[in-house]
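In: Pasting a predicted model and its sequence here:
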Amino acid sequence: MQTNLAEFVRETEQGREADRILRSCVHCGFCTATCPTYQLLGDELDGPRGRIYQIKMVLEGTRPTSGIQRHLDRCLTCLNCETTCPSGVEYGRLLDIGRDLVEAEVPRPLGQRWLRWLLRQVLPYPRRVALPLRLAQLLRPMLPGALRRKVPPRQHVVAAPRHDHARTMLILDGCVQPLMTPRTNSVMAGVLDRLGVSVIQAKGAGCCGALSHHLSAGEEAKAFMRHNIDAWWPHIENGAEAIIVTASGCGALVKEYGHHLRDDPAYAGKATRVAALAKDLAEVITPADLHDLTRHGPRRIAFHAPCTLQHAQKLGGVVERLLTQAGFELVPVTDPHLCCGSAGTYSLLQADLSVRLLQRKLEALQAAGPELIATANIGCQLQLQSQAKVPVVHWIELFSPSAPS
Ligand code: SF4
Ligand code: SF4
């Protein structure tokens, strides 16, 4: 694609990166066919190629409009288009640049600004979420059906006894996961203990920064990243082998810390090291480890591969292979590449599209009558369980005696 970037951005680092990405696109449109928002809305401007054109227009000097902002907002950042693209176009990076430019020029209506601000002020901080969540869980039985399904039931966790091992790995607890699905990391710690690894929860580590990043609050996201690096660094110097992330959405961003902090002389090197150490749980547990683990719960399951696992981290098929080797029967799921509509805060900010994607996804997951749905990201888990007819768990729970039967 030929480009002619406007003066205001041509010589900036952002501009050079955007120019390189735009030039790699041959506007073939293959990506459009697999884009969930294009499939729902049928509008080229709500597909990846259309969004690339709109970002190109802004970079070439067209004044951004609320219309362009709306089309970029509707993007799930699922990166399905990157998986489909034969030319290796880094759409996600281009979208970040486009969103930042549009956000700086197009004021949002007051309601939107307030909601986005509120989400950033509450969700990354477990203490601010804890009280309203506990209240909602207490009132859950009395809530009307639609609302009740949105409140995850309280999980009770009994931590298994652990041993001190020479091998250590850090874990990222994240922000809402310890409150909403604490069983995931508790089971993970028990499993790793059986495999001879002690897990470390670094004091002070918290939100990975993804929420702020996706709401175009780049500096706030970087502050979360630096905070986590400071918390992890002493343990890394002490020999921690990896930083395990059980939420693939958070893992995708931690793996990009080096990119986001590349211009920060105090953190660039550490961020690159942290990114290299970040691993999804499925990268840590090998097929050989399965001999030491016991399968629990139902056998016939449907697996939902989060977009952040298969498209962002490029780990499609890894969990499925582990589960199959462990003896689970994975039922066929049509269109496994498509998003469930969770996508961070998307389910709150684009509720209508999100619900339509959820309903399609659940039809596909439940068509073959599985006893349970397994996934690899808390956002997907909460989204799916809000309307699923069968239990929805993180896949590691299938190796715990507390797995739903
Ligand atoms: S992003 Fe890739 S698939 Fe989409 S139009 Fe450009 S080259 Fe084609
Ligand atoms: S990231 Fe997902 S929703 Fe956005 S353009 Fe690509 S395929 Fe479509």
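Out: Perfect, I can see it now. Residues are numbered from 1 along each chain as shown. Ligands and ions are numbered 1, 2, ... in the order given.
In: And the helices in the stretch 1-150 of the chain, which stretches?
Out: 7-10, 13-24, 30-33, 36-41, 48-59, 66-73, 80-84, 91-105, 110-122, 126-139, 145-150 (DSSP state H, counting those that start in this stretch).
In: Please produce TSV containing those helices, extended by mean neighbour count, distance to ligand 2 and mean pLDDT.
Out: Yep, even glycine has a C-beta here, placed from its N, CA and C like the rest. What follows is these, written out as TSV (neighbours: other CB atoms under 10 Å; distance: least, CB to the nearest ligand atom, whole Å; pLDDT from 0 to 100):
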stretch	mean neighbour count	distance to ligand 2	mean pLDDT
helix 7-10	13	22	94
helix 13-24	17	13	96
helix 30-33	17	7	96
helix 36-41	21	5	98
helix 48-59	22	4	98
helix 66-73	18	9	98
helix 80-84	20	3	97
helix 91-105	19	6	97
helix 110-122	13	19	96
helix 126-139	13	27	92
helix 145-150	12	23	79
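In: How about the residue in the stretch 101-250 of the chain that ligand 2 sits nearest to: what's its closest non-neighbour residue?
Out: Of all residues in the stretch 101-250 of the chain, residue 214 sits closest to ligand 2, at 11.5 Å by CB to the nearest ligand atom. Nearest-residue entry for residue 214: residue 344, 5.0 Å, with adjacent residues in sequence omitted and distances by CB to CB, 6 or more residues apart in numbering.
In: number of nearby residues for that neighbour?
Out: For residue 344, the count of nearby residues is 19 (other CB atoms under 10 Å).
In: would you say it is within a helix?
Out: No: checked against DSSP: H, G, I helix; E, B strand; the rest coil, residue 344 lies outside a helix; its state is coil.
In: From ligand 1, how far off is it?
Out: As defined by CB to the nearest ligand atom, to the nearest Å, residue 344 lies at a distance of 22 Å from ligand 1.
In: for that residue, what are its contacts?
Out: The neighbourhood of residue 344, defined by CB atoms under 8 Å, 6 or more residues apart in numbering, consists of 77, 210-211, 214, 249, 379.
In: quick one: which of the helices of the stretch 1-150 of the chain is nearest ligand 1?
Out: helix 30-33 (3.3 Å).
In: now, which of the contacts of residue 344 sits nearest ligand 1?
Out: The closest of these, once distances to ligand 1 are taken by CB to the nearest ligand atom, is residue 77, at 14.6 Å.
In: helix, strand or coil for residue 393?
Out: Classified using three-state DSSP, residue 393 is strand.
In: go on, the one 4 residues further on?
Out: Three-state assignment for residue 397 (three-state DSSP): helix.
In: ok, now residue 298?
Out: coil.
In: which ones are touching the closest residue in space to it that isn't next to it in sequence?
Out: Using CB to CB, 6+ apart and skipping residues adjacent in sequence, the residue nearest residue 298 is residue 371, 3.4 Å away. Residue 371 makes contacts with 298-301, 390, as judged by CB under 8 Å, 6+ apart.
In: rewinding a little: need phi/psi at the residue of the stretch 101-250 of the chain closest to ligand 2.
Out: phi -80, psi -10 (degrees, to the nearest 10).
In: How are the strands of this protein distributed by residue range?
Out: Along the chain, counting by DSSP state E, strands occupy 167-171, 197-200, 243-245, 278-280, 300-303, 329-330, 372-375, 392-394.
In: could you redo the contacts of residue 344 as CSV and give each row pLDDT and neighbour count?
Out: Conversion of the contacts of residue 344 to CSV gives the following (pLDDT from 0 to 100; neighbours: other CB atoms under 10 Å):
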residue, pLDDT, neighbour count
77, 97, 24
210, 96, 26
211, 95, 24
214, 93, 20
249, 96, 27
379, 96, 26
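In: Put together TSV for these, with distance to residue 129 on each row.
Out: TSV is the format used below for the contacts of residue 344 (distance: CB to CB, whole Å):
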residue	distance to residue 129
77	22
210	15
211	12
214	18
249	16
379	14
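In: could I get the residues you listed as a markdown table with distance to ligand 1?
Out: Shown next, in a markdown table, are those (distance: CB to the nearest ligand atom, whole Å):
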| residue | distance to ligand 1 |
| --- | --- |
| 77 | 15 |
| 210 | 23 |
| 211 | 26 |
| 214 | 20 |
| 249 | 23 |
| 379 | 25 |
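In: what's the distance between stretch 358-370 and the middle of its chain?
Out: Put simply, stretch 358-370 sits 21 Å off its chain's centre (CA atoms, centre = their mean, to the nearest Å).
In: In it, which residues are buried?
Out: Of the residues in stretch 358-370, 358, 360-362, 364-366, 370 count as buried by neighbour count, 16 or more other CB atoms under 10 Å.
In: Could you check this protein and say which of its helices or strands has the lowest average pLDDT?
Out: helix 145-150 (a mean of 79; mean pLDDT, DSSP states H and E).
In: So which bits of the protein are right by ligand 1?
Out: 25-31, 48-49, 85, 87, 89, 91 (CB under 6 Å from any ligand atom).
In: run the last query once more with 5 Å
Out: 25-28, 30-31, 49, 85, 87, 89 (CB under 5 Å from any ligand atom).
In: what bits of the stretch 101-250 of the chain have low per-residue confidence?
Out: Applying pLDDT under 70 to the stretch 101-250 of the chain picks out residues 160-161.
In: dump the residue contacts of the residue of the stretch 301-405 of the chain found nearest ligand 2.
Out: As assessed by CB to the nearest ligand atom, ligand 2 sits closest to residue 339 within the stretch 301-405 of the chain, at 6.6 Å. Residue 339 makes contact with 36, 76, 78, 80, 307, 357, 361, according to CB under 8 Å, 6+ apart.
In: which one is it nearest to, not counting chain neighbours?
Out: residue 78 is the one closest to residue 339 (CB to CB, 6+ apart), at 4.2 Å.
In: ditto for residue 54
Out: Excluding its sequence neighbours, the residue lying closest to residue 54 (CB to CB, 6+ apart) is residue 68, at 4.9 Å.
In: for residue 309, same thing?
Out: Closest residue in space to residue 309, ignoring its immediate chain neighbours: residue 248 at 3.9 Å, by CB to CB, 6+ apart.
In: In contact with the one you found: list those residues for me.
Out: Here residue 248 is in contact with 280, 306, 308-309, 312-313, 315, 376-377 (CB under 8 Å, 6+ apart).
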